[in-house]
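K.L.:
I would like to see how this sequence folds:
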Amino acid sequence: MKVERMILTNLMKNESFMRKSIPFLKPEYLSDSPERKLFEQMQAFILKYNSLPSLSALALGLQERNDLSESEFKAIGEILTEIKDADATEDPKWLLDETEKFCQEKAIYNGIMDAIQILDGKDQQRNKGAIPNILSDALGVSFDPHVGHDYIDKWNERFDFYHRIESRLPFDLTYFNKITNGGLCRKTLNIILAGTGVGKSLAMCHFAAAYLMQNYNVLYITMEMAEERIAERIDANLMNVTMDDLKMLSLDMYEKRMKAIMSKTKGKLVIKEYPTAAVNTAHFRALLQDLKLKRNFVPDVIFVDYLNICASSRIKPGANINSYTYVKAIAEELRGLAVEWDVPVVSATQTTRSGFTNSDPGLEDTSESFGLPATADLMFALIATDELTALNQIMVKQLKNRYADPTLNKRFTVGIDRAKMKLYDLDLSAQSNIIDSGQSKASGPTKGGNKFGGFKV
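P.N.:
Coordinates of the predicted model:
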C-alpha cells in the first residue's frame with residue numbers, strides 16, 4: 001500500500017493517529033489530485049466535527065462539491081472502496097514515524113520546486129529573498145505531540161521531575177558546582193561578565209580544557225583570537241606549563257605531553273575561528289552540521305568567545321537599531337541554539353566603563369544591553385583587584401542564577417595562574433572575611449588541582 005493510501009486509511013479508522021497527525025498534514029503533500037481532494041474532504045470533516053469521518057459523510061460531501069471532474073469522482077470512489085476493505089495499521093509509533101518522514105520529504109520537495117519557480121521568474125508573488133524562508137520552513141517540518149502540561153492530570157510526572165537527577169556537566173571547581181547544583185544544564189546560556197584583561201577568555205579556556213578531560217566533546221568558537229592562540233592557552237592549561245615555557249618544549253617533550261593528555265580523555269576539542277562581527281547563529285548551525293556529517297563530532301558544550309562580537313541572524317548589520325535590541329537578539333539566538341542542539345552555551349560580555357573600575361559590579365554594569373542578563377540562565381562577574389592579583393586570586397560574584405538561589409555563595413574566590421591559564425580551588429580559609437558572601441562555613445573546597453583529569457597543579 002502506498003504511503004498516501006495508508007495515511008488516508010488510518011485517518012478514517014485510527015482515532016489516535018488522526019488526532020496526532022492531522023495538525024501537521026497538508027493537502028499539498030499528496031501529489032495525486034483524487035487523493036488530495038479526498039484528504040481535503042477528510043480534513044474539513046475532522047476539523048469541523050472533531051471525530052473520525054464516516055464513509056457515508058465523505059460520500060455525501062464529495063457529491064456536493066462542484067470542483068470534481070467525472071474521472072476524479074470515479075477515482076475517489078475506488079480509493080474509498082479500497083480504504084473500506086483495508087485494516088488500520090497496528091503499530092502506532094511506526095505509522096507516525098513513517099507519516100512524519102513522508103511529510104518531511106514532500107515539504108522539502110515542494111520547497112525546492114517553489115524555489116525553482118521563483119528563480120525561473122514564474123512566481124510573480126514572491127522574489128528570491130523568499131527562498132531561504134521557504135527552504136527553512138520545509139526543513140523544519142516535524143511532528144511535535146506535546147501540547148502543554150496539564151497541572152491536575154500530570155501531577156505524578158511533575159513529582160518525578162522534582163526528584164529526577166538532571167543531566168549536568170560538572171565543573172572542576174567546587175564553588176561553581178555549588179552555585180549550579182552540580183554543573184551546567186543543557187539548553188542554557190551562561191555568561192561571564194568581566195572587564196578587558198580580567199580573565200574572560202582565560203576562564204572559558206580553563207572550562208573548555210576541564211570538560212575535555214571529563215570526556216566531553218567541546219566546541220570553542222572564537223571571534224577575538226586566532227585558533228592557534230586558543231589552542232596555545234589550552235595547551236598551557238593541560239600540560240601545566242607557562243605560556244613562555246610552552247614555546248621552549250622540544251618536539252619529543254611536546255609529543256609526550258600530548259600523548260599523556262590523549263590517554264586521559266575520550267573527548268574531542270574543536271576550535272573554530274571566525275572574523276569579528278561577521279558571523280551569527282546561522283553560521284554556527286552550518287558548522288555544527290558540517291562537524292556532524294564530516295567528522296562525526298557532536299559537541300556536549302559550546303563556548304563562544306564572545307557574545308558582543310557576534311552578529312545577529314535576524315537583524316541585518318548596519319540596521320538602524322539600538323544596541324539593547326541588537327545584543328538581546330544575539331543572546332536569544334544563542335540560547336535558541338543551545339535548546340536546538342541540547343547543549344549548554346558559555347559566552348562572555350564586557351563591563352561598562354564604570355563597571356571596569358567597580359570592585360562590586362552588578363547587572364547594571366553589563367555593556368551595551370541590559371537585555372543580555374534578561375536572557376541568560378547563569379551570569380557571574382569576575383573581579384580582579386590589586387589585592388586579589390597579589391594573592392593570585394580572582395573573585396566571582398553571582399549576578400543571575402536560574403540553577404539555584406543566587407544569594408547562597410553569592411561571592412567566592414578561586415585561584416588563578418595566568419601564566420598557565422588555570423583556575424583552581426583554594427583552601428576554605430581563603431573564603432573568610434568576604435563581605436556578603438552568602439557562604440556556608442560548614443564545608444568548602446580543599447586545595448588542589450583539577451580532580452577531573454589533566455595534570456595536577
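
K.L.:
list the buried residues for the longest helix seen in the chain?
P.N.:
Using DSSP state H, we find that the single longest helix of the chain is helix 92-119. For helix 92-119, burial by neighbour count (16 or more other Cβ atoms under 10 Å) applies to 95-96, 99-100, 102-104, 106-107, 110-111, 114-115, 118. Where you see a C-beta, it was placed from the backbone N, CA and C, and this is true even at glycine.

K.L.:
domains for the chain, by residue range?
P.N.:
Split into domains by automatic domain parsing, the chain comes to 3-139, 168-431.

K.L.:
looking at the ones you listed, which is buried most?
P.N.:
Across those, the average number of neighbours (mean count of other Cβ atoms under 10 Å) peaks for domain 168-431, which reaches a mean of 18.

K.L.:
and it, how far out from the chain middle?
P.N.:
Its chain's average C-alpha position is 16 Å from that of domain 168-431, according to Cα atoms, centre = their mean, to the nearest Å.

K.L.:
pLDDT of it, averaged?
P.N.:
Predicted confidence along domain 168-431 averages 91 (mean pLDDT).

K.L.:
now the end-to-end length of that domain.
P.N.:
Taking Cα to Cα, to the nearest Å as the measure, domain 168-431 stretches 26 Å from start to finish.

K.L.:
now the strands: where do they sit in this structure?
P.N.:
Assigned by DSSP state E, the chain shows strands spanning 168-169, 184-185, 189-194, 218-222, 269-273, 301-305, 345-350, 378-383, 393-401, 411-417, 422-424.

K.L.:
dump those strands to TSV, plus distance to G140.
P.N.:
Rendered in TSV, the data for those read as follows (distance: least, Cβ to Cβ, whole Å):
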stretch	distance to G140
strand 168-169	28
strand 184-185	25
strand 189-194	22
strand 218-222	23
strand 269-273	25
strand 301-305	21
strand 345-350	21
strand 378-383	29
strand 393-401	31
strand 411-417	42
strand 422-424	40
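
K.L.:
between those, which gets nearest to A57?
P.N.:
strand 184-185 (49.8 Å; Cβ to Cβ).

K.L.:
run me through the strand neighbours of that closest one, direction for each.
P.N.:
The partner list of strand 184-185 in its sheet, established with DSSP bridges, is strand 168-169 (antiparallel).

K.L.:
now the domains of the chain in a markdown table, with distance to W155?
P.N.:
Putting the domains of the chain into a markdown table (distance: least, Cβ to Cβ, whole Å) gives the following:
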| stretch | distance to W155 |
| --- | --- |
| domain 3-139 | 23 |
| domain 168-431 | 23 |
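
K.L.:
wait, which of those domains is closest to H149?
P.N.:
Per Cβ to Cβ, nearest to H149 of the domains of the chain: domain 168-431, 16.7 Å.

K.L.:
give me the contacts around stretch 290-300.
P.N.:
Where contact means Cβ atoms under 8 Å, 6 or more residues apart in numbering, the residues beyond stretch 290-300 that reach it are L169, Y211, Y216, N217, V218, L219, G267, K268, V270, L288, W341, V343.
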